[in-house]
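>>> need a 3D model of the following:
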Amino acid sequence: MELEYTYWVEDDGLFIGYLNNYPDHITQGHNLKELEEMLADVYQIRQQEEKRLAQKRKSGILRIKVPAWNGKNYLKKLSNGEQFL
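Here you go, the predicted structure:
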């Protein structure tokens, strides 16, 4: 299996990176090999977590009231009477 990742090297020499499918899970290593090992761990943990959460996840619909458009605060009149945002 191949997983695409993004990485960079910090000023202190640490390799920082994340799997492109999981950009919120940043990890680090002292070299590229170590970073890739850490990224593999991130993938394994995410897969386990996905299996666990798949049985618990629920969805809902959020209904909110949106104020009616009155235009007072949003519209300005041109000198010829036309309005624009």
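>>> how about low-confidence regions in this structure?
Under the criterion pLDDT under 70, the flagged ranges of the chain are 67-85.
>>> can you give me the strands for it?
Along the chain, the segments classed as strands by DSSP state E run 5-9, 15-19, 27-29, 76-77, 83-84.
>>> same list, these, but as JSON lines with mean neighbour count and distance to Met38 please.
Where you see a C-beta, it was placed from the backbone N, CA and C, and this is true even at glycine. What follows is the strands of the chain, written out as JSON lines (neighbours: other C-beta atoms under 10 Å; distance: least, C-beta to C-beta, whole Å):
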{"stretch": "strand 5-9", "mean neighbour count": "13", "distance to Met38": "10"}
{"stretch": "strand 15-19", "mean neighbour count": "18", "distance to Met38": "8"}
{"stretch": "strand 27-29", "mean neighbour count": "17", "distance to Met38": "4"}
{"stretch": "strand 76-77", "mean neighbour count": "9", "distance to Met38": "54"}
{"stretch": "strand 83-84", "mean neighbour count": "9", "distance to Met38": "53"}
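>>> mind putting the ones you listed in a markdown table, distance to Ala40 included?
As requested, the strands of the chain are exported to a markdown table (distance: least, C-beta to C-beta, whole Å):
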| stretch | distance to Ala40 |
| --- | --- |
| strand 5-9 | 10 |
| strand 15-19 | 9 |
| strand 27-29 | 10 |
| strand 76-77 | 57 |
| strand 83-84 | 55 |
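>>> which of those strands sits closest to Leu62?
When the strands of the chain are compared by C-beta to C-beta, strand 15-19 sits nearest Leu62, at 29.3 Å.
>>> name the surrounding residues that touch that closest one.
Strand 15-19 has contacts (C-beta atoms under 8 Å, 6 or more residues apart in numbering) with 3-10, 24-32, 34-35, 39, 42-43, 46.
>>> make it 10 Å
Residues outside strand 15-19 that contact it (C-beta atoms under 10 Å, 6 or more residues apart in numbering): 3-10, 24-36, 38-40, 42-43, 46.
>>> alright, that wraps it up for me.
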